[in-house]
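Participant: Quick one: sequence plus predicted model below, questions after.
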Amino acid sequence: MRECEIFERDVRVQHRRQQEKAEAARKKLEQERSAIDESRTQQLQCKMQDKEAEKKLGELYVKELARITTEQQDMERKKDLAKRKQHIELRKMQQQQIRENERKQSQEKADALKEEQHVFHKLKKEDDVFKDFVMQEIETFKVQGKRTALLEKTLNS
């Protein structure tokens, strides 16, 4: 009986050890699972934080691009305005040159007309002097009894 009791006790001890081992293995497995779950949770949190950081960086990048684009557009507008002003000034200068050239041309035409009129009057005076001379010669020739047909023809032409 004693052997039975020892045997039963050994069986109970062995059974208890097996239960303790199983319990230790189960606890170890639970700890590993909880460590894995905790690790997964931390990984998910890290991923979420990374995504949020990426999102913030993306927003900052978009804002910076928008600012740069706005600055570039402002600079282009300023350049366009400067070009427009320059073209306006250039156009004013061209119009002023056109008016000045027209004034010079009209002055030159007026001067040329005056010169022509002066030459015309001078030639008319010379022509009048010549006609007077021819008339005097005709009268002189008539008094002398010479023919005056050629002189009269010269006078008429």
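Facilitator: Alright, I've got the coordinates. Residues are numbered from 1 along each chain as shown.
Participant: what helices or strands is the worst-scoring helix or strand of the chain on mean pLDDT leaning on?
Facilitator: Lowest mean confidence among the helices and strands of the chain (mean pLDDT, DSSP states H and E): helix 149-156, at a mean of 80. Applying 3 or more CB pairs under 8 Å, 6 or more residues apart in numbering; DSSP states H and E, we find helix 149-156 packed against helix 2-144. For glycine as for every other residue, the C-beta is placed from the backbone atoms N, C-alpha and C.
Participant: ok, back up a step: how big is the angle separating the least confident helix or strand of the chain from helix 2-144?
Facilitator: Here the directions of helix 149-156 and helix 2-144 differ by 150 degrees (axes from the mean of the first three to the mean of the last three CA atoms, to 10 degrees).
Participant: ok, residues contacting helix 149-156?
Facilitator: Residues from elsewhere that reach helix 149-156 (CB atoms under 8 Å, 6 or more residues apart in numbering): 131, 134, 135, 137, 138, 141.
Participant: Which of those residues sits closest to residue 34?
Facilitator: residue 131 (140.6 Å; CB to CB).
Participant: any idea how far the closest residue to that closest one other than its chain neighbours is from residue 141?
Facilitator: Spatial nearest neighbour of residue 131, excluding adjacent residues (CB to CB, 6 or more residues apart in numbering): residue 155 at 6.3 Å. Distance, residue 155 to residue 141, using CB to CB, to the nearest Å: 12 Å.
Participant: mind listing what residue 17 touches?
Facilitator: For residue 17, the contact set (CB under 8 Å, 6+ apart) is empty.
Participant: thinking again about what came up before, are any of the contacts of helix 149-156 buried, and which?
Facilitator: Taking 16 or more other CB atoms under 10 Å as the criterion, what is buried in the contacts of helix 149-156 is 138, 141.
Participant: Which pLDDT value belongs to the residue nearest the centre of the chain?
Facilitator: Geometric centre of the chain, nearest residue: residue 76, 5.0 Å, by CA atoms, centre = their mean. On pLDDT, residue 76 comes in at 97.
Participant: Fine by me, we can end here.
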